[in-house]
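>>> only geometry, no sequence info:
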């Protein structure tokens, strides 16, 4: 799943304040990661982390680092790197556009939460889907999508707060929900856990009307662990236990698949759209060119990778690794 800055988990973006700090501390100016220089990526820093399963990491605009685990969110200063606070029982799912508030899961409830005071602003709905909760907020901050215990997706308007649609197409476990960059579509991804092969598919919904416009069948994937739209919204990538696939949004057709890239946990397009980073259970981050999806670079972690994130200017790549480390990569 995507964090999202209006998403999520899912937009997991490193802030400009941290980029500037890191560039100064390293005595240089950060260079964007591109197809041409991706082979030169080097590890810039590595930090041990003693928490449990990490869902995703996000550097906020005030240069704090936010780490989201299964049932806890921690906040860290970045200079020096030290934990400054912890919110047990809170799982941040998506940031609203101003980055001062977020959609979070507290127990079985979806809430809007103030990041500064770490208090509840309003309760939205009871999610109850405890194994695979998924929440996203639209890029304009007007809509919130959340899964519930019936494998349905509830679409909520945030001003005023009201339930507008309930999508019931999925019949087995839902793993991810993702708004397109322009906010026109919502993608919802299911898998065969709790069902059969026929239950592995992605639905594309029109946000303004609630209409189902496409159903992308993905039986080869198994469980769709994470989905991600390209920055221009023309592609949708999905990864899972058994396959990796790319879908073209104009015609809703699959244009690429690879079983050799199976075992994916997280996906992230670079801001310029040239690269797609895939966090793999195989202990590797694959960096794929988005023209042909050939492997342009590999970062070997030695342990399964939970998630990856590009910085806002594309100069850094962050990784959460299951050996208990957080790592940053860039072009020296």
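Good, I have the coordinates. It should be emphasised that the depicted structure is a prediction, and the values quoted were computed from it without experimental measurement. Numbers count the residues shown, from 1 in each chain.
>>> from here on, contacts and neighbour counts on C-alpha atoms
Noted.
>>> What residues does the closest residue to residue 152 other than its chain neighbours make contact with?
Of all residues not flanking residue 152 in the chain, residue 168 sits nearest, at 5.0 Å (CA to CA, 6 or more residues apart in numbering). By CA atoms under 8 Å, 6 or more residues apart in numbering, residue 168 lies in contact with 151, 152, 153.
>>> The first one belongs to a strand, doesn't it?
No - the secondary structure assignment for residue 151 gives coil rather than a strand, going by DSSP: H, G, I helix; E, B strand; the rest coil.
>>> That one: neighbour count?
21 (other CA atoms under 10 Å).
>>> tell me the pLDDT at the nearest residue to residue 234 once chain neighbours are set aside?
Of all residues not flanking residue 234 in the chain, residue 249 sits nearest, at 5.3 Å (CA to CA, 6+ apart). Turning to residue 249, the model gives it a pLDDT of 95.
>>> Ok, residue 86 next?
On the pLDDT scale, residue 86 gets 80.
>>> beta partners of it?
residue 74 (DSSP bridges).
>>> That one and residue 292: what is the separation?
Using CA to CA, to the nearest Å, we find residue 86 at a distance of 42 Å from residue 292.
>>> Could you check which of the two has the larger neighbour count?
Just comparing residue 86 and residue 292: by other CA under 10 Å the higher neighbour count belongs to residue 86, 15 against 9.
>>> Hmm, residue 71 and that one touching each other?
No - judged on CA atoms under 8 Å, residue 86 makes no contact with residue 71 at a distance of 10.9 Å.
>>> how much space between residue 324 and residue 102?
26 Å.
>>> Give me the pLDDT for residue 229.
97.
>>> What separation is there between it and residue 267?
Applying CA to CA to residue 229 and residue 267 gives a distance of 9 Å.
>>> what about the two, which has more around it?
Each of residue 229 and residue 267 has its neighbours counted (other CA under 10 Å); residue 267 has more, 27 against 23.
>>> Who are the contact partners of that one?
With CA under 8 Å, 6+ apart, residue 267 has these contacts: 1-2, 226-228, 237-239, 276-279, 307-308.
>>> Next secondary structure after the helix or strand of the chain with the lowest mean pLDDT?
Lowest on mean pLDDT, DSSP states H and E among the helices and strands of the chain sits helix 16-25, with a mean of 40. Counting by DSSP states H and E, the next helix or strand C-terminal to helix 16-25 is strand 42-48.
>>> ok, and for that next one, which residues are buried?
By 16 or more other CA atoms under 10 Å, the buried positions in strand 42-48 come out as residue 44.
>>> That strand - contacts with which helices or strands?
strand 325-330 (3 or more CA pairs under 8 Å, 6 or more residues apart in numbering; DSSP states H and E).
>>> Tell me which strands the strand it packs on pairs with, and in which orientation.
strand 42-48 (antiparallel), strand 316-321 (antiparallel).
>>> returning to that earlier point: the residue nearest to residue 152 and residue 175, how far apart?
14 Å.
>>> In contact with residue 285, which residues are there?
277, 278, 279, 298, 299, 300, 301, 305.
>>> Could you tell me the angle between the helix or strand hosting the third one and strand 316-321?
For residue 279, the enclosing helix or strand under DSSP H and E is strand 275-280. Our comparison of strand 275-280 with strand 316-321, counting by axes from the mean of the first three to the mean of the last three CA atoms, to 10 degrees, yields an angle of 10 degrees.
>>> just checking, what packs against strand 275-280?
Checking 3+ CA pairs under 8 Å, 6+ apart, strand 275-280 ends up next to strand 264-269, strand 284-289, strand 305-310.
>>> Nearest to residue 121, out of the ones you listed?
Residue 121 sits nearest to strand 305-310 of all the helices and strands packed on strand 275-280, at 27.7 Å, using CA to CA.
>>> Which residues does the closest one contact?
Contacts of strand 305-310 (CA under 8 Å, 6+ apart): 12-14, 54-58, 265-271, 277-285, 316-322.
>>> Mind listing the strands that strand pairs with, and their directions?
As assigned by DSSP bridges, strand 305-310 forms pairs with strand 316-321 (antiparallel).
>>> Next, the angle from the strand it pairs with to strand 284-289.
Using the same axes, to 10 degrees: strand 316-321 against strand 284-289 is 150 degrees.
>>> Which residues does residue 277 form beta bridges with?
Note on residue 277: beta-bridge partners by DSSP bridges are residue 268, residue 287.
>>> Count the neighbours of it for me.
Neighbours of residue 277 (other CA under 10 Å): 23.
>>> pLDDT below threshold where in the stretch 151-300 of the chain?
193-198 (pLDDT under 70).
>>> try it again with 80
172, 191-198, 224 (pLDDT under 80).
>>> For it, which segments count as helices?
Taking DSSP state H, counting those that start in this stretch as the test, none of the stretch 151-300 of the chain falls into helices.
>>> Pull out the buried positions in the helix or strand where residue 124 lies.
Assigned by DSSP H and E, residue 124 belongs to strand 119-126. Residues of strand 119-126 classed as buried: 120, 123, 124, 125, 126 (neighbour count, 16+ other CA under 10 Å).
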